[in-house]
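Colleague: structure, please.
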Amino acid sequence: MIDWVRVADLRSEVGEDSFAEVIELFLEETDEVAARLRRGSGGGLRDDMHFLKGSALNLGFRDLAALCQEGERRAAAGAAVDLAAVLDCYARSRDAFHAGLRRRPAA
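Modeller: Sure thing, here's the model as predicted:
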């Protein structure tokens with residue numbers, strides 16, 4: 001579910017001092033898009049799927065990135081997107097990420 005190698009790479013890229021701040025910013029922005037999807041309001045679905053995919057890739061949320069890539073493709077084609085699956089995967093990924101960070105101290 002989580003690509004911990006990517007998380008370690010992100011930590012290395014931004015530095016230990018900035019890592020928590022970067023994670024907080026990514027999750028805050030991603031939470032906003034997820035909330036908008038839950039409400040069924042706001043921006044275009046394809047754009048939201050694209051944003052979530054990018055955030056997921058940056059954070060190492062491997063399964064979410066794959067779902068969002070498929071959702072982006074489907075939205076661009078005018079097909080239905082399983083938002084419940086995307087939102088559920090985001091919630092589970094976020095929980096697994098936080099739990100994993102607690103178990104994986106900085107190197």
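Colleague: report all helices and strands that the longest helix along the chain contacts.
Modeller: For the chain, the helix with the greatest residue count under DSSP state H is helix 16-39. With contacts taken as 3 or more Cβ pairs under 8 Å, 6 or more residues apart in numbering; DSSP states H and E, helix 16-39 sits against helix 4-14, helix 45-59, helix 83-103. Backbone N, C-alpha and C define where each C-beta goes, glycine included.
Colleague: let me see the contact set for the residue sitting nearest the centre point of the chain.
Modeller: With distances taken as Cα atoms, centre = their mean, A56 lies nearest the centre of the chain, 3.1 Å away. Contacts for A56 (Cβ atoms under 8 Å, 6 or more residues apart in numbering) come out as 30, 62, 64-65, 68, 90, 93.
Colleague: go through the helix or strand where D63 lies and flag the buried ones.
Modeller: Here D63 sits within helix 62-76, counting by DSSP states H and E. Across helix 62-76, burial judged by 16 or more other Cβ atoms under 10 Å covers 62-65, 67-72, 74-75.
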